[in-house]
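[1] please work out how this folds:
(one chain, ligands or ions: 3)
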Amino acid sequence: MSSSAEAVSHKFLKSPLTVGIIGAAFSGGQPRGGVEQGPARLVEHGLIDQIKSLGWNVDFDEKFPTYENLKPEAEEDRVHGILKNVAHVAHVTKSVAESVEKVVKSGALALTLGGDHSLAMGTVGGSARVHKNVGVIWVDAHADINTPLTTDTGNLHGCPVSFLMGLKGTENIRGFEWLPPCLPKNRIVYIGLRDVDAPEKRILKENNIKAFSMHDVDKHGIGTIVQKAIDYLGADSPIHLSFDVDALDPTVAPATGTPVRGGLTFREGHYICEALFETGNLVAVDIMEVNPLLGEQTYVMQTLQIGCSLARAAMGETLL
Ligand SMILES: NC(=[NH2+])NCCC[C@H](N)C(=O)O
Ligand SMILES: [Mn+2]
Ligand SMILES: [Mn+2]
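    Ligands and ions are numbered 1, 2, ... in the order given. Got it, this is the predicted structure:
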């Protein structure tokens with residue numbers, strides 16, 4: 001492992017470089033059990049020592065809360081149409097936002113290990129409290145921008161972006177009072193999209209949201225796409241990378257709840273992380289939707305390994 005963590009000039013991180021790791025053991029934004037085991041399994045796979053060997057100080061509480069049990073009472077009296085687990089997701093994401101905010105405010109990089117992608121309401125919500133102009137790079141097969149009015153699964157991991165933006169239908173959902181609109185429509189760029197619901201396509205188009213699909217990646221190459229994303233957000237913008245491992249091709253990262261074929265290669269995924277590290281602008285990174293209970297052992301190991309190596313790539317590994 002080589003690292004040049006200190007060779008890049010970091011605009012928003014204090015020296016010595018420190019990462020605050022948030023274990024977000026939560027699956028309530030989607031129906032498949034197991035994704036809540038992502039953080040513990042990534043850590044068990046050696047992530048903490050790997051990051052230390054890149055030269056970072058690591059701030060991590062092994063006894064991170066099991067958000068699964070953080071269920072508020074009276075879930076049943078919070079019904080919002082088709083939406084599932086509203087109270088639970090609201091409660092957990094609020095707590096995650098507080099953790100991320102604290103880390104980012106201290107000048108450390110916030111690394112959140114998911115857990116399902118509804119958690120990004122908390123992670124992006126948290127970094128946006130510190131950096132009002134934070135730019136989000138959302139790497140995913142999916143746009144996760146359904147609203148309570150458009151979702152046909154009711155799974156909140158398909159909705160975090162609409163809540164962060166405060167799109168129509170997200171107002172007045174009880175439990176989410178803590179999350180005011182904090183992400184302007186021109187402060188996000190998607191990379192890797194290939195399974196976008198019809199209403200989501202309409203939302204992306206109507207709001208002029210910057211999105212690079214797999215078609216765009218094929219056409220221009222990942223180097224150009226990442227550069228366009230960085231240029232779009234602006235060279236001085238703090239960057240929050242929210243990486244859903246299902247952005248990768250299922251042959252690369254199979255152990256995830258909603259795999260879609262035709263995804264990013266191993267290198268394309270890592271290149272995104274490396275190039276964003278190189279900007280010196282990263283303030284937060286999410287590694288989401290690793291589900292160690294899905295598939296055979298070798299596939300699970302492969303996915304855990306990739307979760308770890310993506311995080312390392314975002315922290316300076318492989319730069320000479
Ligand atoms: N974070 C994810 N893996 N999201 C998948 C979302 C799938 C679908 N668009 C939905 O709304 O349910
Ligand atoms: Mn996804
Ligand atoms: Mn996602």
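[2] helices or strands up against the longest helix along the chain?
    If you go by DSSP state H, the chain has its longest helix at helix 86-105. In terms of contacts (3 or more C-beta pairs under 8 Å, 6 or more residues apart in numbering; DSSP states H and E), helix 86-105 is packed against strand 18-24, strand 109-114, helix 120-130, strand 282-288. Any C-beta I mention is one placed from the backbone N, CA and C, and that applies to glycine too.
[3] cutoff 10 Å now
    Secondary-structure packing of helix 86-105 (3 or more C-beta pairs under 10 Å, 6 or more residues apart in numbering; DSSP states H and E): strand 18-24, strand 109-114, helix 120-130, helix 160-165, strand 282-288.
[4] among those, which is nearest residue 137?
    With C-beta to C-beta as the criterion, residue 137 lies closest to strand 282-288 of these, at 9.4 Å.
[5] pLDDT on the closest one, on average?
    Averaging pLDDT along strand 282-288 yields 98.
[6] likewise for stretch 65-72?
    Here stretch 65-72 scores 76 as its mean pLDDT.
[7] what residues does the chain have near ligand 2?
    140, 141, 142, 244, 246 (C-beta under 5 Å from the ion).
[8] contacting residues for residue 157?
    The neighbours of residue 157, taking C-beta atoms under 10 Å, 6 or more residues apart in numbering as the test, are 26-31, 35, 84, 89, 114-121, 142, 144, 146, 244, 257-258, 288-289.
[9] with adjacent residues omitted, what lies nearest to it?
    residue 29 (3.6 Å; C-beta to C-beta, 6 or more residues apart in numbering).
[10] residue contacts, the closest residue to residue 244 other than its chain neighbours?
    Leaving aside its sequence neighbours, residue 244 sits nearest to residue 140 (C-beta to C-beta, 6+ apart; 4.0 Å). Residue 140 makes contact with 117, 120, 161, 190-196, 242-247, 258, 260, 263, 288-289 under the criterion C-beta under 10 Å, 6+ apart.
[11] circling back to that earlier point, neighbours around the residue nearest to residue 157, how many?
    Neighbourhood size, residue 29 [other C-beta atoms under 10 Å]: 30.
[12] that one is in contact with residue 146, isn't it?
    No: using C-beta atoms under 10 Å as the test, residue 29 is too far from residue 146 to be in contact (11.7 Å).
[13] shared neighbours of those two, anything?
    Both residue 29 and residue 146 are contacted by 155, 156, 157, 158, 159, 160, under the criterion C-beta under 10 Å, 6+ apart.
[14] tell me if residue 242 really is in a helix.
    No: counting by DSSP: H, G, I helix; E, B strand; the rest coil, residue 242 falls outside a helix, being strand.
[15] distance of it relative to residue 189?
    Relative to residue 189, residue 242 is positioned 11 Å away (C-beta to C-beta, to the nearest Å).
[16] more neighbours: which of those two?
    Neighbour tally, residue 242 and residue 189, criterion other C-beta under 10 Å: the higher count belongs to residue 242, 27 against 23.
[17] got the contact list for the nearest residue to that one once chain neighbours are set aside?
    Nearest residue to residue 242, sequence neighbours excluded (C-beta to C-beta, 6+ apart): residue 286, at 4.4 Å. By C-beta under 10 Å, 6+ apart, the residues touching residue 286 are 22, 24, 96, 100, 110-115, 117, 119-120, 122-124, 127, 136, 138-139, 240-244, 311.
[18] can you classify residue 215 by secondary structure?
    Following three-state DSSP, residue 215 is assigned to helix.
[19] low-scoring stretches of the protein, by residue?
    Applying pLDDT under 70 to the chain flags residues 1-4, 6, 73-79, 319-320.
[20] mind doing that once more with 50?
    For the chain, the stretches with pLDDT under 50 are 1, 77.
[21] near ligand 1, which residues of it are found?
    Within reach of ligand 1 by C-beta under 6 Å from any ligand atom, the chain has these residues: 117, 142, 144, 146, 151, 153, 155, 157-158, 197, 244, 246, 258, 289.
[22] 5 Å instead, please
    Contacts of the chain with ligand 1, taken as C-beta under 5 Å from any ligand atom, map to 117, 142, 146, 153, 155, 157, 158, 197, 258.
[23] surely the third one touches residue 167?
    Pointing back at residue 146 there. Yes: applying C-beta under 10 Å, one finds residue 146 in contact with residue 167, separated by 9.4 Å.
[24] overlap of the contact sets of the two?
    Contact with both residue 146 and residue 167 is made by residues 159, 161, 203, according to C-beta under 10 Å, 6+ apart.
[25] the second one: what's it in contact with?
    Listed by C-beta under 10 Å, 6+ apart, the contact partners of residue 161 are 117, 120-121, 124, 136, 138, 140, 142-147, 167, 183, 185, 188, 190, 200, 203-204, 209, 242.
[26] ok, now the last one?
    Going by C-beta under 10 Å, 6+ apart, residue 203 touches 143, 145-147, 150, 161-162, 165, 167-168, 185, 196-197, 209.
[27] need the buried ones from the residues you listed selected in ChimeraX.
    Selecting only the buried entries of the contacts of residue 203 in ChimeraX, with 16 or more other C-beta atoms under 10 Å as the criterion:
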select :143,145,146,147,150,161,162,165,167,185,196,197,209
